[in-house]
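K.L.:
the sequence and its predicted three-dimensional model are supplied below.
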There are 2 protein chains.
Amino acid sequence: MSVLVVGSVALDSVETPSGSVRDVLGGSAIYFAASASLYTEVNLVGVVGTDFPQEHTRFLTERGVDVMGLKVVDGQTFRWAGRYNELGAVETLQTHLNVFADFHPTLPPGYERSDMVFLGNIDPDLQGEVLRQVKGPKLVMMDTMDFWIRGKRESLYQTMGTVDVVTMNESEVRLLTGKHSIISAARGVLELGPKAVIIKRGEYGSIMLSEDGYFIAPAYPVAYVKDPTGAGDSFAGGILGYLDGTDDFSPQALRKAIVHGTIMASYTVSEFSIDGLRSLNKANIAQRYQEFKGITQFEDKESTQ
Amino acid sequence: MSVLVVGSVALDSVETPSGSVRDVLGGSAIYFAASASLYTEVNLVGVVGTDFPQEHTRFLTERGVDVMGLKVVDGQTFRWAGRYNELGAVETLQTHLNVFADFHPTLPPGYERSDMVFLGNIDPDLQGEVLRQVKGPKLVMMDTMDFWIRGKRESLYQTMGTVDVVTMNESEVRLLTGKHSIISAARGVLELGPKAVIIKRGEYGSIMLSEDGYFIAPAYPVAYVKDPTGAGDSFAGGILGYLDGTDDFSPQALRKAIVHGTIMASYTVSEFSIDGLRSLNKANIAQRYQEFKGITQFEDKESTQ
């Protein structure tokens, strides 16, 4: 079993009310991999420049992430800088695509047999290129962003029509469907073809709509959010990582997977970069899973009511 | 068993993207009573002018609400007018307190023995006056609003220190505690004395913090919100109504009560005024309770995992 992730690998500079960091490990593929690798094997496809610190590649390999697909090319690694306000809203200060500008994902031999695929929020045409290279994956999930919704809508529709699960945040799903009600917007996404849509609501958790109906999960309560960067990608990593680890794709399994994604996101936002995910283990995750149950359940299993 | 509610009784004029209504039945005590009366007996304390339509009083009595405490005085009933935008944000267009300006809640004989008390978001000094009139209620819940947090903070602290449950919305709890994190803010409210705080998050549901820890419930998914007015008060009505009906005050019962409040709010926002609550029955509520379970549960009761 293995999960393929294709997305950005970046060096982020982030300011939040808790502090600031410079050129730390970031990018959608990284947050996804740091999360999913706690559950299963991850094949990573991305690109970095020659300036990409060795220690980051070492972290990935130590975590069991296959980095054969992480191409190193002449030039600088993708850099992003952003500032969050006290309510978690982000302002992008700088984006230097650098070597990421010419990124064309090519799967190394063996990757095409990955059981699950996560397409980070890259150009929908590139997402399509990846899908043409994989052979019969069991589940494909994709993310996207406002930039592609505005600029490459048709191409996005096409990719969405071929995947199993779409994940987006609230403002993106409103922009895509033109519907203000998130409930109606979720239905609008399903009309584009995917079997399920998972809408990310930040500190409010997530809402999934599928044939199975709605599943709504709150976020795990984190008193002190240090840095919201990567919450969505580590959420996705928890979902696919868990599913790949169990090889169960039932609606019930997808719900549990979302809870695992929720837990990964909660660890991610507690620290800068991927630091909240570095030293996690199965026992930590299992404990938070039980806590999450305690926070959300309202029927005593033992009671007959 | 009976629940006492003290709050505003109003004639509302509301504009939403779905339409508009003029001088319809509203006010915190009304939304609470329309909701709680589906579960238990309600004693209502409020004031209206001589212009208050008889049909509204008739509706209340038909619902089993005791209106001995609804004083009719010379003058006009409290009027509020507001406009909601597509995202549910409200702008108050007009507030005419009218007879409500001189409201001093006096409990008719018998009301002082009410088992549960809900103090709508009136002046905290008036909330205190009510509490001095009741004799050993089993549970007191209070609401408040930004106006009192800004203008009568000390008085508010005093009332809060004597009640069991405080309910507020997110912006109010931030204003009260000076904390941006809702999780930290919830802790801040408990430091003021109440046993539990329930923070209302609109379309995202609610979060309760008590000795028992957190309980986080999403909102029931309503595709088409016609009018958000009164959601919070009908939520409170569902909570106390359910608790009073079961006479169980365990943490588990409080969680179920919040789900009932959530269901009441979902019916309320589906129509203007209290119309979504008018023709409800126990079977409707029980069905939506089961649906809500289906939407939020992620562990199969039958499974052993």
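P.N.:
Right, received. Where do you want to start?

K.L.:
phi, psi for residue A:254 please.
P.N.:
Recorded main-chain torsions at residue A:254 are phi -60, psi -40, according to degrees, to the nearest 10.

K.L.:
that one: neighbour count?
P.N.:
Residues within reach of residue A:254, counting by other CB atoms under 10 Å in any protein chain shown, total 24. From N, CA and C alone the C-beta is placed, and that goes for glycine too.

K.L.:
and the gap between it and residue A:129?
P.N.:
Here the criterion is CB to CB, to the nearest Å. By it, residue A:254 lies 27 Å from residue A:129.

K.L.:
what's the answer for residue A:122, then?
P.N.:
10 Å.

K.L.:
middle-most residue in chain A, spatially?
P.N.:
To find the centre residue of chain A, average its C-alpha atoms and take the closest one (CA atoms, centre = their mean): that gives residue A:233, at 2.1 Å.

K.L.:
that one contacts residue A:145, doesn't it?
P.N.:
No - contact between residue A:233 and residue A:145 fails when scored by CB atoms under 8 Å: they sit 11.4 Å apart.

K.L.:
hey, where'd the helices end up in chain A?
P.N.:
In chain A, helices defined by DSSP state H lie at A:28-36, A:54-62, A:124-133, A:146-151, A:153-160, A:170-177, A:182-190, A:231-246, A:251-269, A:275-278, A:282-296, listed in chain order.

K.L.:
so which of the ones you listed comes closest to residue A:86?
P.N.:
In this view, those are compared for proximity to residue A:86 by CB to CB, and helix A:251-269 is the closest at 14.0 Å.

K.L.:
which helices and strands does the closest one pack with?
P.N.:
helix A:28-36, strand A:206-210, strand A:213-217, helix A:231-246, helix A:275-278, helix A:282-296 (3 or more CB pairs under 8 Å, 6 or more residues apart in numbering or on different chains; DSSP states H and E).

K.L.:
mind running it again at 6 Å?
P.N.:
Judged by 3 or more CB pairs under 6 Å, 6 or more residues apart in numbering or on different chains; DSSP states H and E, the packing partners of helix A:251-269 are strand A:213-217, helix A:231-246, helix A:275-278, helix A:282-296.

K.L.:
quick one: average pLDDT of the third one?
P.N.:
This points to helix A:275-278. Regarding helix A:275-278, the rounded mean pLDDT is 98.

K.L.:
more neighbours, residue A:122 and residue A:129?
P.N.:
Between residue A:122 and residue A:129, counted using other CB under 10 Å, residue A:122 has the larger neighbour count: 24 against 17.

K.L.:
what's the spacing between the more buried one and residue A:34?
P.N.:
18 Å.

K.L.:
re the thing from before, most tightly packed of the helices and strands packed on helix A:251-269?
P.N.:
Neighbour counts averaged per stretch over the helices and strands packed on helix A:251-269 are highest for helix A:231-246, at a mean of 28; criterion: mean count of other CB atoms under 10 Å in any protein chain shown.

K.L.:
quick one: work out the angle between that helix and helix A:251-269.
P.N.:
With axes from the mean of the first three to the mean of the last three CA atoms, to 10 degrees defining the directions, helix A:231-246 sits at 140 degrees from helix A:251-269.

K.L.:
helix A:231-246 to helix A:282-296, inter-axis angle?
P.N.:
Going by the same axes, to 10 degrees, helix A:231-246 makes 110 degrees with helix A:282-296.

K.L.:
what packs against helix A:231-246?
P.N.:
Helices and strands touching helix A:231-246, as assessed by 3+ CB pairs under 6 Å, 6+ apart, comprise helix A:28-36, strand A:116-119, helix A:251-269.

K.L.:
next, the angle helix A:28-36 makes with it.
P.N.:
Taking the same axes, to 10 degrees, one finds that helix A:231-246 is oriented at 50 degrees with respect to helix A:28-36.

K.L.:
hmm, who's touching helix A:231-246?
P.N.:
Outside helix A:231-246, the residues within contact range by CB atoms under 6 Å, 6 or more residues apart in numbering or on different chains are A:1, A:3, A:28, A:31-32, A:35-36, A:39-40, A:115-116, A:118, A:167, A:200, A:257, A:260-261, A:264-265, A:268-269.

K.L.:
switch to 7 Å and redo it
P.N.:
Here helix A:231-246 makes contact (CB atoms under 7 Å, 6 or more residues apart in numbering or on different chains) with A:1-3, A:28, A:31-36, A:38-40, A:115-116, A:118, A:120, A:139, A:141, A:143, A:167, A:169, A:200, A:249, A:253, A:256-258, A:260-265, A:268-269, A:277.

K.L.:
how about stretch A:196-207?
P.N.:
For stretch A:196-207, contacts defined as CB under 7 Å, 6+ apart pick out A:88, A:164-170, A:173, A:182, A:186, A:189-190, A:208-210, A:214, A:216-219, A:232, A:235, A:258, A:262, B:201, B:204.

K.L.:
just the buried members of those residues?
P.N.:
Those of the contacts of stretch A:196-207 that meet the buried threshold are A:88, A:164-170, A:173, A:182, A:186, A:189-190, A:208-210, A:214, A:216-219, A:232, A:235, A:258, A:262, B:201, B:204, by 16 or more other CB atoms under 10 Å in any protein chain shown.
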